[in-house]
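Following is a predicted model, sequence given first.
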Amino acid sequence: MRICFYGTDKEITRLCERPVLALLGPRHAQPVLTFELFNVRVTTDPYGSLFRLAADLTEVEGSNP
């Protein structure tokens with residue numbers, strides 16, 4: 001799965017420092033899934049105020065309860 005995040009330099013740096021993300025699901029679905037980021041690319045926004053992080057996600061084995 002490919003994802004994109006837009007944010008400030010500080011926000012994008014936080015994401016890059018944590019190669020594993022925990023995503024909360026809806027109330028009636030699995031509560032937490034964990035994913036590992038790979039093929040991370042960071043580019044600047046054309047307007048110069050934000051950065052864009054594009055990455056591929058893969059679900060971490062054993063993350064489902």
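That came in fine, so what should we check first?

what residues are up against the closest residue to Tyr6 other than its chain neighbours?
Using CB to CB, 6 or more residues apart in numbering and skipping residues adjacent in sequence, the residue nearest Tyr6 is Leu50, 4.9 Å away. For every residue, glycine as well, the C-beta is placed using N, CA and C. Under the criterion of CB atoms under 8 Å, 6 or more residues apart in numbering, the contact list for Leu50 reads Tyr6, Gly7, Thr8, Thr44.

Poorly predicted segments of the chain, please.
For the chain, applying pLDDT under 70 flags the ranges 19, 23-31, 62-65.

now the helices for it?
Counting by DSSP state H, the chain has helices at residues 9-17.

longest single strand anywhere in it?
What stands out as the longest strand in the chain, according to DSSP state E, is strand 32-44.

for the contacts of Leu50, which one is nearest Leu21?
Using CB to CB, Gly7 comes nearest to Leu21 of those, at 13.7 Å.

pretty sure that closest one contacts Phe51?
Yes. Gly7 lies in contact with Phe51 (CB atoms under 8 Å); the separation is 6.3 Å.

And those two? Which one has more around it.
Neighbours of Gly7 and Phe51, each counted by other CB atoms under 10 Å, are more numerous for Phe51; the result is 19 against 15.

Tell me what the more buried one is bridged to.
Using DSSP bridges, the bridge partners assigned to Phe51 are Gly7, Thr44.

you'd agree it is up against Lys10?
No. Judged on CB under 8 Å, Phe51 makes no contact with Lys10 at a distance of 9.7 Å.

Show me what the longest strand of the chain is packed up against.
Helices and strands touching strand 32-44, by 3 or more CB pairs under 8 Å, 6 or more residues apart in numbering; DSSP states H and E, are helix 9-17, strand 20-24, strand 51-59.

returning to what we had before: for the contacts of Leu50, which entry has the maximal number of neighbours?
Compared across the contacts of Leu50, Gly7 has the highest neighbour count, 15 neighbours, by other CB under 10 Å.

circling back: now the contacts of Leu50 as a markdown table including distance to Asp56?
A markdown table is the format used below for the contacts of Leu50 (distance: CB to CB, whole Å):
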| residue | distance to Asp56 |
| --- | --- |
| Tyr6 | 17 |
| Gly7 | 18 |
| Thr8 | 23 |
| Thr44 | 20 |
